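[1] below are the sequence and a predicted model for it; my questions follow.
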Amino acid sequence: MTTILPWAALSLERDPLELAQIVSLPTVSNYLLTVGALCSLCVFLWLLRGGFGSVGRLFGGARSMVLALLALALPMFLLDIASIFALFRPLFLPADAVISANAPLVPRPEWTNIPLAISGLASILLVAAPFVANLPRLSLRRILAIANLSFKEAIRKRVLYAFTGLLLIVLFGSWFIPSKPTDELRTYVSVVFYAMTVVLMLVGALLAASGLPADIRTQSLYLIVTKPVERVEILLGRLTGTMALMTLVLLALTGAGLLYIIRGVSPDAAEESLKAREPLFGILAFKNTSSEAKGDNVGREWEYRGYISGPTQGPSGLVTPQASWTYATVPAYLGSRDKVQAEFTFDIYRTTKGFENRGVGIGLVITTRNHDPEELRKAREKNPGLTPEQVATDHGFFQPAGSVTFFDYSTGSVAVPGGLFANAQKGDPQKPALTVTVTCKESTQYVGMARYDFYFRADDARAGAQPLRFAGNFLLASFALWLRLLLVISVTLVMSTELSTVISLLMGMVLMMLAHVQEFVRELVEGKSAGGGPLENIKRIIDNSVAAKPLEDTALNTLIQQSDKVVREVLGGLARFLPEVDRLAYYPEYVGNGFAIGGGDLAGNAIVTVFYILPWLLLGYHLLRWREVAGPT
């Protein structure tokens, strides 16, 4: 018998990060290649501006070290030059040539990645050398003093009054939030996090962009640089002060938002959704479909899910498409439970109308690595009264009694005997511990599923509302918001070392917006977007022409289309340097749908964010170091 629960689903188009994945050789080498490419270009531009004289003034081992690093960085610099020329390669390619957003600009053998990564590391060390040399002179006391000054200045600017706009949500949000228990909590969480994100990002970017330009304009920075203060201390102090203020604001908003949600949701909604599920996901594969990885394609625009149909007649007889989730291991503690809840959220694609208020029937079979069909058949012949619990414990097989039916926009659940998980602990560890097989029973309907549409509950599914677990999950999502805030403040602050307040703010916001639409940028680079490239789309807007209509064969249109090829290559190169913010922005969906945020995934994203910020801070250090702050601006 299937229990129908409120809609709760995670649509993860990319797998959660794992720490082992971050420290893997391909990830590290890709990071060194990306950052090293920029650093090597900066190093050789510095050499052209007279850097050789600075190298000549070094003594002994320092000069030898720098010369050795320059020699190691040379291959990366040559790759930079080749990449710049490669930006214009589309002008010489056929019109229907495919440009990949993920392929390197300069094709090269796979084995060259490691030597080039070493060359990139040498470039990074060259750029970081002045900062490392200044580390002994840094003073935490001076950094905290500048941070305190930045904190007080930010409060005096009264930009924090912008947060009073959030009171409108607290006072009038319930007018617009639906009272249906199925969607109530999800809507509350979405509204609260959306409001917090917009206001925090704008205010944080504004504070970061206005600090240093205001100091230079009012000449208050000149008094600081005459003291024994390192330029990097100014940068770190500004960053620390701004982040300290925004962290306090975020903590206050998180507490207020959490209290507002817990007190605002109805008891029915709290009972259904105020929790933090701990799902156990398997690996999905399809069988007897057009693709073992993606299943059948039914023509939906969003290709997140693969589909299976009911039994069909094939050349050799009746064929039953299947979707199978395999689990390499399962927690041993699940075997001590009486029942373990399995939940699934599938999609229905109907080829016929079917019956009103009736779902689609599916077949669900769960087996362990110890299951032997012949042995089970003999055991049932010998003892026809075997219970499902006995079959699961002794023979590693479970199939729900009765019909398993599910509906669109709802989550189905089945109680699985805990003995099945105890049985899965035995046997050959080389085989999957557990296999879940799903089939569609109706030949005129399709059932769609993705990897994260089926899971076992590692937590206690019988518990009702869990406000403490929900609150902890909410705090983790707020930490992800804090990481995004750190990202935008750091980038905007670095830009403000050389640019004005308005330009720094705009460029920081543009960078974050491009980071949120990376998928669209990738489609634009690969020519998959409707209407052609950026320049062609601009012309279509001016001419008010539809995207599907080909441009006329004129000299101007030919020039635009050829220029678009170069623009697409440039965009493809820039896309490699955009931050990964989509993963951080998705955590409120975990909270709203009642899923626990994985600690490993969040820690991995935190590491990725920090390592993205480090090159920006290094850039800010050099920009502030080279800038003549005592001159007119």
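    Looks like it arrived, so ask away.
[2] who is K287 paired with across the strands?
    Q322 (DSSP bridges).
[3] quick check, it in contact with Q322.
    Yes: counting by Cβ atoms under 8 Å, K287 does reach Q322; the two are 4.4 Å apart. C-beta coordinates here come from the backbone N, C-alpha and C atoms, glycine included.
[4] between the two, which is the more surrounded one?
    It is Q322, of K287 and Q322, that has more neighbours when counted by other Cβ atoms under 10 Å, with 18 against 15.
[5] could you check how far that one is from P311?
    Going from Q322 to P311 by Cβ to Cβ, to the nearest Å gives 11 Å.
[6] name the residues contacting each of the two.
    Common contacts of Q322 and P311 (Cβ atoms under 8 Å, 6 or more residues apart in numbering): T439.
[7] what's the nearest residue to V567 if we skip its chain neighbours?
    Excluding the flanking residues, the one nearest V567 by Cβ to Cβ, 6 or more residues apart in numbering is P534, at 5.6 Å.
[8] for that neighbour, give me its contacts.
    L524, D564, V567, R568, L571.
[9] again with S40
    A73, M76, F77, D80, S119, G120, S123.
[10] any idea which helix or strand comes after the helix or strand harbouring the fifth one?
    Pointing back at S119 there. In this assignment (DSSP states H and E), S119 forms part of helix 113-134. Downstream of helix 113-134, the first helix or strand assigned by DSSP H and E is helix 140-156.
[11] and that next one, what's buried?
    Going by neighbour count (16 or more other Cβ atoms under 10 Å), the buried part of helix 140-156 is R142, I143, L144, A145, I146, A147, L149, S150, F151, E153, A154.
[12] give me the mean pLDDT for the helix holding S119.
    For helix 113-134, mean pLDDT is 88.
[13] next, count neighbours for the nearest residue to L602 once chain neighbours are set aside.
    Distances taken as Cβ to Cβ, 6+ apart place L476 nearest to L602, at 6.0 Å, with adjacent residues excluded. Residues near L476, counting by other Cβ under 10 Å, number 18.
[14] quick one: L476 is in a helix?
    Yes: L476: assigned to a helix according to DSSP: H, G, I helix; E, B strand; the rest coil.
[15] wait, doesn't it sit right on I597?
    Yes: counting by Cβ under 8 Å, I597 is a contact partner of L476 at 4.4 Å.
[16] what touches both of those two?
    Y587.
[17] how about the helices in the stretch 301-450 of the chain?
    Ranges of helices within the stretch 301-450 of the chain are 373-382, 388-395, 419-424, based on DSSP state H, counting those that start in this stretch.
[18] TSV for the ones you listed, including mean neighbour count and distance to M449?
    What follows is those, written out as TSV (neighbours: other Cβ atoms under 10 Å; distance: least, Cβ to Cβ, whole Å):
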stretch	mean neighbour count	distance to M449
helix 373-382	12	25
helix 388-395	19	23
helix 419-424	25	21
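[19] where in the stretch 1-150 of the chain is pLDDT low?
    Under the criterion pLDDT under 70, the flagged ranges of the stretch 1-150 of the chain are 1-8, 51-53, 55-56, 87-107.
[20] right, I mislabeled it, should have said the stretch 501-633 of the chain
    Counting by pLDDT under 70, the stretch 501-633 of the chain has low-confidence residues at 527, 548, 627-633.
[21] grab the longest strand from this structure for me.
    Longest strand of the chain, by residue count under DSSP state E: strand 360-368.
[22] and that strand, which strands flank it?
    Under the rule (DSSP bridges), strand 360-368 has strand 397-398 (antiparallel), strand 404-406 (antiparallel), strand 434-440 (antiparallel) as partners.
[23] need the winner for burial among these.
    strand 397-398 (a mean of 24; mean count of other Cβ atoms under 10 Å).
[24] show me how far that strand is from its chain's centre.
    36 Å (Cα atoms, centre = their mean, to the nearest Å).
[25] ok, residues contacting it?
    Taking Cβ under 8 Å, 6+ apart as the rule, strand 397-398 contacts V365, I366, T367, T368, H371, L376, P388, V391, A392, V416, P417, L420.
[26] buried residues in the longest strand of the chain, which are they?
    For strand 360-368, by 16+ other Cβ under 10 Å, it's V360, G361, I362, G363, L364, V365, I366, T367, T368.
[27] and the gap between the closest residue to the last one other than its chain neighbours and D372?
    Nearest residue to T368 in three dimensions, chain neighbours excluded: G396, at 3.3 Å (Cβ to Cβ, 6+ apart). Distance from G396 to D372, counting by Cβ to Cβ: 8 Å.
[28] neighbour count: the two, which is higher?
    Taking neighbours as other Cβ under 10 Å, G396 and D372 compare with G396 leading, 27 against 13.
[29] contacting residues for that one?
    T367, T368, R369, N370, H371, L420, N423, A424.
[30] what of A209?
    Counted by Cβ under 8 Å, 6+ apart, A209 has contacts T492, L493, M495, S496, T501, V502, S504, L505, G508.
[31] so G620 touches L493, yeah?
    Yes: using Cβ under 8 Å, G620 makes contact with L493 at a distance of 6.7 Å.
[32] what is in contact with these two at once?
    L235.
[33] hang on, the earlier thing: convert the C-alpha atoms of the longest strand of the chain to PDB, please.
    The C-alpha atoms that make up strand 360-368 are tabulated as PDB, following Å, rounded to 0.1, in the frame of the first residue of the first chain:
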ATOM      1  CA  VAL A 360      -0.400   5.500 -12.400                       C
ATOM      2  CA  GLY A 361       0.500   2.100 -11.200                       C
ATOM      3  CA  ILE A 362       4.200   1.000 -10.900                       C
ATOM      4  CA  GLY A 363       6.000  -2.200 -10.000                       C
ATOM      5  CA  LEU A 364       8.500  -1.800  -7.200                       C
ATOM      6  CA  VAL A 365      11.000  -4.600  -6.300                       C
ATOM      7  CA  ILE A 366      13.900  -4.200  -3.800                       C
ATOM      8  CA  THR A 367      16.600  -6.900  -3.600                       C
ATOM      9  CA  THR A 368      19.900  -7.300  -1.900                       C
END
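[34] which helix is the longest one in this structure?
    When the chain is parsed with DSSP state H, its longest helix is helix 181-217.
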